[in-house]
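**Student:** fold the following and give me the result.
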Amino acid sequence: MITQLILALLLTGGAVAQAEGQPKAVTGKVDTVTTSVTKLNWLPFDSVRATFPAAPKPLFLYISEKGCHHCEYMDTAVFNRPELVKYVNENLTPVRVDIYMDTPIKLRDTVMNEQQFRKLLSIQGVPAYYFFDTNGRIIGALDSEMDLLKFKRMLVYIRDRHFFVTPWEKFLTLPAASEEAINKRFQSR
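**Tutor:** Numbering: from 1, shown residues only. As a prediction, this is how the structure comes out:
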């Protein structure tokens, strides 16, 4: 269902960025989750709406809402980990949307309220994570709280482009997805 919605979105405008070549650079105000070591550079949705869902690096769209216990867990236990922050900032275009605080959302010439945005992306609950390749093709969509190791595995799955050739369940059995390999991958260089 979500793939059909995203495909419809692409047919109405996402293909423009692909047809013109590389997606345009993303600019805009940065919202951050700060730690004593580093910060995750969240971009507001407005900074990517012109080319959404295409971006110069794979796009990580994080949907949250203020007061959500599971979103708060992700902010404190996952998104503030220095090794994860570095990996996301280097390899993805992270965009954060608070489903209530950041609406209405303008996407090309359409202005959407919270319910319309939920319907467009088939958002069942928060936190929700959407990943798109640089051409705007959906790679994956998940929702719910995740522990740090699972989230790191998902990032490697996205970054190393396993999503086009290896089903998630198969990826989890590969040596590259072992806890040792994942932890080594996220060690500070």
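**Student:** quick one, helices of this structure?
**Tutor:** Counting by DSSP state H, residue ranges of the helices within the chain are 2-9, 15-19, 69-73, 82-91, 114-121, 148-159, 168-171, 179-185.
**Student:** and of these, who's closest to N135?
**Tutor:** helix 15-19 (4.9 Å; C-beta to C-beta). Just so you know, the C-beta spots here come from the backbone N, C-alpha and C atoms, and that holds for glycine as well.
**Student:** re earlier: dump the helices of the chain into TSV; add mean neighbour count and mean pLDDT as well.
**Tutor:** Listed next are the helices of the chain as TSV, based on neighbours: other C-beta atoms under 10 Å; pLDDT from 0 to 100:
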stretch	mean neighbour count	mean pLDDT
helix 2-9	14	40
helix 15-19	15	29
helix 69-73	15	96
helix 82-91	17	93
helix 114-121	16	90
helix 148-159	19	91
helix 168-171	12	93
helix 179-185	12	94
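**Student:** now render these as CSV, adding distance to F52.
**Tutor:** What follows is the helices of the chain, written out as CSV (distance: least, C-beta to C-beta, whole Å):
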stretch, distance to F52
helix 2-9, 8
helix 15-19, 9
helix 69-73, 21
helix 82-91, 18
helix 114-121, 11
helix 148-159, 17
helix 168-171, 24
helix 179-185, 28
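**Student:** I figured V95 was touching R49, is that so?
**Tutor:** No. Assessed by C-beta atoms under 8 Å, V95 is found out of contact with R49, at 9.5 Å.
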